[in-house]
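Asks: Structure here, sequence nowhere to be found:
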Ligand SMILES: Nc1nc2c(ncn2[C@@H]2O[C@H](COP(=O)(O)OP(=O)(O)O)[C@@H](O)[C@H]2O)c(=O)[nH]1
Ligand SMILES: [Mg+2]
């Protein structure tokens, strides 16, 4: 495996609704990128991406899968993200460490909820985005309709780089207006042959090309002048313009594939390596101090760990992004969050569960290390003298809560340890031991999220658990003053107990005047304050206690008359 | 005052109370710390119960994004949850509803919302404040607490 330089690296998240075809596309990308020689299928349970037992059992992706492909001298790092909102935490992590989202759309259905939800997530994080329309070979695929839906929903920033020659069964050819060529694939997919555009499609191609060039030109004054003068741009200029447009999210390019038939994948990778922004095109990430750290190979070595997972037979795998400098195998680093020293004896590039050791990894690139001593998800490790700490990922707040308990009470402690580990692997799972509710509360993104947690605990850790409704943390307060006295007396045998207390309670409000005179029934109590204690309650609100002496108890006229 | 940790009504935390201890009696031999604490505790409970006590519940600010055609379903569901609509607006072809809903009524909201909207709506929630519960809910809570206390005895 070749070592790639910072400007040869592009990081891309595959996002999109569940079932859009991301995991299938992953197999095709791996095949076309030369990383695997045979594709697995989602239904066969043998894909690179859905490799955990729970994913095989349920048939949907739960965690993101990191892999790469090499194309035209570039290394494209990909994350296959789970589609459902319940596992959005993984997509959020992936989107934060990558620079571009490829939003996969099911060509049969066009814009779905999952498309919109994922679009919003990308929008919130502010990353460049492109659309990949999948299932072009499906008889229910109507390209024009899907393309119009995309433009209606997401605006005319959406611009096609391709249109199909023959969508539906038998699909094997597209007109590509970036290259102004027609691409045709063999029946079972793979490598395309490029040819001149068939005369029948020439006008449409010209129209799409002009629309694309106009948008590409808009991002740069020089390009705009040239385009207005000559009504055309060179391919280099067009690609530069598109890349700039992607960086400020003013262009969302659209490409076409059939992931299942592996049609379009190789051209998609070519396009990605040409137009997807690389790390250096993007705004530099900031440290917790607000300092910008550009991905600079000559900078100090700084590595951010964004994901840990436990793999069978291997143990803990820690995924990282090199934020700055060149990380070399054997590097001695300091864990900035934990203060510990760590030697990264072996560093790897990763493709699902396959790891290939490599000598060095440059700023902007992604890798993994196995069985580290003391590295948690979210830690920054630096070479000596470097003070950067990164913490740029913001996770969505939880939406679904349950109380959890081990059926066998003796396993409570073990369950606690397991839950802590789960939280480290998935920061959107929050665990709280509530002293108030006398329950352990787990919070996540939805019912599926917690169901998957249960499956993992029961099957991997062999602890049977049960979910219950969480109790509600009510509060009590009073709305008027009241007086009471109580005598505690126990003087039978041994040393006796005797105590008597008289007190008045009343509602507390911030800034209220000190107690003075109270009236209960016919009696007035005039207070003389000896001392005062203000006790803020851990759970909010206040308790204020006064020690007083009653100066005068006066009787009202009515009682005096009696 | 340990009675604050277990309010006299429902055993929940108590808050925002001012206490004036203005008198006490001791016995020359038998008085000790414990005796006073017990006396204070009981006096506090009694006074608290006489002071027109109320139960407060946590209320959340909830923001829902939904397609216009499931507005009716979402609104009537909100009513069933004692929710109060605060604001409505549209953005990006979707409607945005802001509401306040008691936590007690939010259980499994994500599941119901997705069945009402066919998975097309999403929401986020954030703690807002403690509010008085309605009288009928308070009566119910008190009853449940009394029953659970009896179970323990
Ligand atoms: N006909 C057809 N089926 C596809 C295509 N891509 C994916 N599928 C099928 O759609 C289903 C969901 O695909 P999957 O890759 O798991 O979607 P994901 O949830 O986005 O990862 C699987 O059964 C795939 O075999 C395609 O291009 N054409
Ligand atoms: Mg998948």
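Replies: Looks like it came in fine. This is a predicted model, so every value here is computed, not measured. Residues are numbered from 1 along each chain as shown, chains lettered A, B, ... in the order given. Ligands and ions are numbered 1, 2, ... in the order given.

Asks: right, and the helix or strand after the strand or helix carrying residue B:130?
Replies: Element membership of residue B:130, judged by DSSP states H and E, is strand B:122-132. With elements assigned by DSSP H and E, the helix or strand that comes after strand B:122-132 is helix B:135-152.

Asks: in the stretch 351-500 of chain A, which segments are predicted with low confidence?
Replies: Residues of the stretch 351-500 of chain A meeting the criterion pLDDT under 70: A:491-495.

Asks: give me the residue from it nearest ligand 2.
Replies: residue A:352 (12.2 Å; CB to the ion). All C-beta atoms are positioned from the backbone trio N, CA, C, and that covers glycine.

Asks: got it, and chain B?
Replies: For chain B, CB to the ion, closest residue to ligand 2: residue B:119, 16.6 Å.

Asks: Surely that residue forms part of a strand?
Replies: No. Looking at residue B:119 with DSSP: H, G, I helix; E, B strand; the rest coil, it is coil, so not inside a strand.

Asks: pLDDT at it, what is it?
Replies: pLDDT recorded at residue B:119 is 80.

Asks: and what of the one 3 residues further on?
Replies: Reported pLDDT at residue B:122 in the predicted model: 85.

Asks: what's the spacing between the closest residue to residue B:121 other than its chain neighbours and residue A:88?
Replies: Among residues not flanking residue B:121 along the chain, residue B:66 sits closest, at 3.8 Å (CB to CB, 6 or more residues apart in numbering or on different chains). According to CB to CB, to the nearest Å, residue B:66 stands 17 Å off from residue A:88.

Asks: more crowded one of these two?
Replies: The neighbour count for residue B:66 versus residue A:88, taken as other CB atoms under 10 Å in any protein chain shown, is higher for residue A:88 (25 against 21).

Asks: The more buried one contacts residue A:428, correct?
Replies: Yes. Here residue A:88 reaches residue A:428: they are 7.2 Å apart, a contact under CB atoms under 8 Å.

Asks: Quick check on the residue of chain B closest to ligand 2: phi, psi?
Replies: With angles defined as degrees, to the nearest 10, residue B:119 sits at phi 80, psi 10.

Asks: Count the neighbours of it for me.
Replies: Residues near residue B:119, counting by other CB under 10 Å, number 17.

Asks: That one: what's it in contact with?
Replies: Applying CB atoms under 8 Å, 6 or more residues apart in numbering or on different chains to residue B:119 gives the contacts A:113-114.

Asks: how close does it get to residue A:112?
Replies: 9 Å.

Asks: again, but for residue B:42
Replies: Counting by CB to CB, the gap from residue B:42 to residue A:112 is 63 Å.

Asks: the more surrounded of those two?
Replies: Neighbour totals were compared for residue B:42 and residue A:112, and residue A:112 leads with 21 against 18 (other CB under 10 Å).

Asks: Which residue ranges make up the domains of chain B?
Replies: With domains defined by automatic domain parsing, chain B comprises B:2-50, B:56-132.

Asks: Out of those, which is the most enclosed?
Replies: Comparing the domains of chain B by mean neighbour count (mean count of other CB atoms under 10 Å in any protein chain shown), domain B:2-50 ranks first with a mean of 19.

Asks: For burial, what's the neighbour tally of residue A:537?
Replies: If we define neighbours as other CB under 10 Å, then residue A:537 has 16 of them.

Asks: Ignore what I typed, I meant residue A:384.
Replies: Neighbours of residue A:384 under the rule other CB under 10 Å: 10.

Asks: circling back: weakest of the domains of chain B in terms of mean pLDDT?
Replies: Across the domains of chain B, domain B:2-50 gives the lowest mean pLDDT, at a mean of 82.

Asks: hmm, back to that, how far away is the residue nearest to residue B:121 from residue B:77?
Replies: Counting by CB to CB, the gap from residue B:66 to residue B:77 is 11 Å.

Asks: Am I right that residue A:247 is in contact with residue A:128?
Replies: Yes. Using CB under 8 Å, residue A:247 is in contact with residue A:128, at 5.9 Å.

Asks: all helices of chain B, in order?
Replies: Assigned by DSSP state H, chain B shows helices spanning B:33-50, B:71-80, B:109-117, B:135-152.

Asks: how about these in TSV, adding distance to chain A?
Replies: Formatted as TSV, the helices of chain B follow (distance: least, CB to the nearest CB, whole Å):
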stretch	distance to chain A
helix B:33-50	3
helix B:71-80	14
helix B:109-117	5
helix B:135-152	7
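
Asks: how about these, which one is nearest residue A:41?
Replies: Comparison of those against residue A:41 by CB to CB identifies helix B:109-117 as nearest, at 28.1 Å.

Asks: which residues are in contact with that closest one?
Replies: For helix B:109-117, contacts defined as CB under 8 Å, 6+ apart pick out A:399-400, A:445-447, B:62, B:64, B:66-67, B:70, B:73-74, B:77, B:81, B:101, B:121-123, B:125.

Asks: what are the bridge partners for residue A:499, then?
Replies: Residue A:499 forms beta bridges with residue A:488, as assigned by DSSP bridges.

Asks: Next, find the distance separating it from ligand 1.
Replies: For residue A:499, the distance to ligand 1 equals 69 Å [CB to the nearest ligand atom, to the nearest Å].

Asks: I figured residue A:177 hits residue A:161, correct?
Replies: Yes. Residue A:177 is within contact range of residue A:161, at 6.2 Å (criterion: CB under 8 Å).

Asks: which bits of chain A sit near ligand 1?
Replies: A:16, A:18-24, A:41-43, A:61, A:83, A:134-135, A:137-138, A:258-260 (CB under 6 Å from any ligand atom).

Asks: ok, now which ones touch residue A:267?
Replies: If you count contacts by CB under 8 Å, 6+ apart, residue A:267 has them with A:162, A:174, A:176, A:183, A:192, A:255.

Asks: Test my guess that residue A:90 contacts residue A:80.
Replies: No. Counting by CB under 8 Å, residue A:90 stays clear of residue A:80, with 9.6 Å between them.

Asks: Next up, the contacts around residue B:107.
Replies: Residues near residue B:107 by CB under 8 Å, 6+ apart: A:401, A:469-470.

Asks: try it again with 10 Å
Replies: Neighbour list for residue B:107: A:400-402, A:469-470, A:472, B:81 [criterion: CB atoms under 10 Å, 6 or more residues apart in numbering or on different chains].

Asks: what number of residues lie near residue A:512?
Replies: By other CB under 10 Å, the residues close to residue A:512 number 11.

Asks: Could you do residue A:230 as well?
Replies: Counted with other CB under 10 Å, residue A:230 comes out at 9.

Asks: And stretch A:158-177, how far out from the chain middle?
Replies: Mean C-alpha position of stretch A:158-177 versus that of the full chain (CA atoms, centre = their mean, to the nearest Å) differs by 32 Å.

Asks: what about that stretch, near chain B?
Replies: No. Judged by CB under 10 Å from any CB of the partner chain, stretch A:158-177 stays clear of chain B, getting no closer than 13.6 Å.

Asks: Among the residues of chain A next to ligand 1, which lie within helices?
Replies: Filtering the residues of chain A next to ligand 1 for helices - DSSP H - leaves A:22-24.

Asks: of the residues you listed, buried ones?
Replies: The neighbour count (16 or more other CB atoms under 10 Å in any protein chain shown) marks A:22-24 as buried among those.

Asks: Let me have the residues you listed in CSV, adding pLDDT as columns.
Replies: Listed next are those as CSV, based on pLDDT from 0 to 100:
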residue, pLDDT
A:22, 94
A:23, 91
A:24, 93
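
Asks: Just the closest of those residues to ligand 2, please.
Replies: Looking across those and measuring by CB to the ion, the closest to ligand 2 is residue A:23, at 3.3 Å.

Asks: distance of the residue lying closest to residue A:53 once chain neighbours are set aside from chain B?
Replies: Closest residue to residue A:53 apart from its sequence neighbours, by CB to CB, 6+ apart: residue A:459 at 6.5 Å. Distance of residue A:459 to chain B, computed by CB to the nearest CB, to the nearest Å: 23 Å.
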